[in-house]
Each structure stands twice: as structure tokens, then as C-alpha cells.
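*Asks:* Return a 3D structure for these sequence lines:
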Amino acid sequence: MSLLRFLGIGNREGNSRDESDTVRKIAGRLERLPADQAKFLAGFAYVLARVAHADLEIDSSETQEMERIVRELAHLTEEEGVLVVEIAKSQARMLGGTENYVVTREFRNATTREQRGELLQCLYAVAAADGTISGVESSELTAIGEELGFTRPEAAALRVQYRDKLSVMKKP
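*Replies:* Residues are numbered from 1 along each chain as shown. Below you'll find the predicted structure:
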């Protein structure tokens, strides 16, 4: 069953064949929002969950950071923020390997460079939420940055802000 059908969105206005089921399902739960805003938020939340799940574990501090970000970004209620993040986390766990690139590419194609930069900043905040950015999370951040259209040096410029959180920089 697709994420969209699971969330009960059906054929919402503005859906295209290029959208992944993941984005449509999350967006469908946000019916009060304009379709474009819901799709943006769905993609944004999924990519946040992608980086949180890079180490195959999404801890409570990462979840709380994702909820805070999506609530502030879309002016959601606490309940809506929790719902969006839980769906995104569930999808990242179930479909990660198959949906990661598709959703990130979709987000890139539908957003401005500035919006993609904001997402990348939020990705670092989520990865660092538990106090450490693991090697696998760092690699995922680099991959996502490139998928979003940033060069390695551009993405690395953000990394400097989180230098003290990088596991490779911490003393054993």
C-alpha cells in the first residue's frame, strides 16, 4: 500500500505523476494547508527523517528537533507536527533506500536554492540534536547536500558550524 493511500489523500489537487507516494501521503494529512505548502513540508520532513535515520536509529532528541522545525516552518499545531514527523520517520524506516533519492530530487526540483539551503541547515541541526554527528550521518549529509545541488565545499561550509559535534573530531 502506498503512503498516500495509507494517509488517505487520494487524488489531491496538484498531484503529479512525478511525486513520490511518500510526499503525497504526508501532504495528504495536512489538508488544511495549500497543496503546494503541504507537499513542500512533506518533502522537507522526509529528508529530515532521512538524515536522522542514516545511522538506523532515530532517537528522541532528533525527533523533538524535527517536530520543532516542522511546527515552526509550517505554523503547525503540536499534534500536526508530531503526525508529520511520525509519518516521515515511518516512511524513512520502511522505504529509505528506495525513496531517499526520489524524494530529495523532487524537493530539489520544486524549491529555490534558498529553500534547499534552509533544509540543509536544518539537516545539520537534526543530525547534531543528540550531541554527535556520526560518520554515517556526516556521509548522508554530504550526499543529501549534493543531491540538493550544492557542491561539497558549499555543504562543508555548514559543517564547520557543527565541528564540535562531529564524531571524528571528538576525542575517544
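*Asks:* longest helix in the protein, by residue count?
*Replies:* Ordering each helix of the chain by length in residues (DSSP state H) puts helix 78-110 first.
*Asks:* what's the following helix or strand after that helix?
*Replies:* helix 113-128 (DSSP states H and E).
*Asks:* Show me what whichever helix or strand comes after that next one is packed up against.
*Replies:* As assigned by DSSP H and E, the chain's next helix or strand after helix 113-128 is helix 135-147. Secondary-structure packing of helix 135-147 (3 or more Cβ pairs under 8 Å, 6 or more residues apart in numbering; DSSP states H and E): helix 35-52, helix 78-110, helix 113-128, helix 152-159. C-beta coordinates here come from the backbone N, C-alpha and C atoms, glycine included.
*Asks:* one more time with 6 Å, if that's ok
*Replies:* helix 113-128 (3 or more Cβ pairs under 6 Å, 6 or more residues apart in numbering; DSSP states H and E).
*Asks:* could I get the helix it packs on in PDB with only the CA atoms?
*Replies:* The C-alpha coordinates for helix 113-128 follow below in PDB (Å, rounded to 0.1, in the frame of the first residue of the first chain):
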ATOM      1  CA  ARG A 113      18.200  27.300  -3.800                       C
ATOM      2  CA  GLU A 114      17.500  29.400  -0.700                       C
ATOM      3  CA  GLN A 115      14.900  26.800   0.500                       C
ATOM      4  CA  ARG A 116      17.300  24.000  -0.200                       C
ATOM      5  CA  GLY A 117      19.900  25.800   1.900                       C
ATOM      6  CA  GLU A 118      17.500  26.200   4.800                       C
ATOM      7  CA  LEU A 119      16.800  22.400   4.600                       C
ATOM      8  CA  LEU A 120      20.500  21.700   4.700                       C
ATOM      9  CA  GLN A 121      20.900  23.800   7.800                       C
ATOM     10  CA  CYS A 122      18.000  22.000   9.400                       C
ATOM     11  CA  LEU A 123      19.500  18.700   8.500                       C
ATOM     12  CA  TYR A 124      22.700  19.500  10.400                       C
ATOM     13  CA  ALA A 125      20.600  20.600  13.400                       C
ATOM     14  CA  VAL A 126      18.700  17.300  13.400                       C
ATOM     15  CA  ALA A 127      21.900  15.200  13.000                       C
ATOM     16  CA  ALA A 128      23.500  17.200  15.900                       C
END
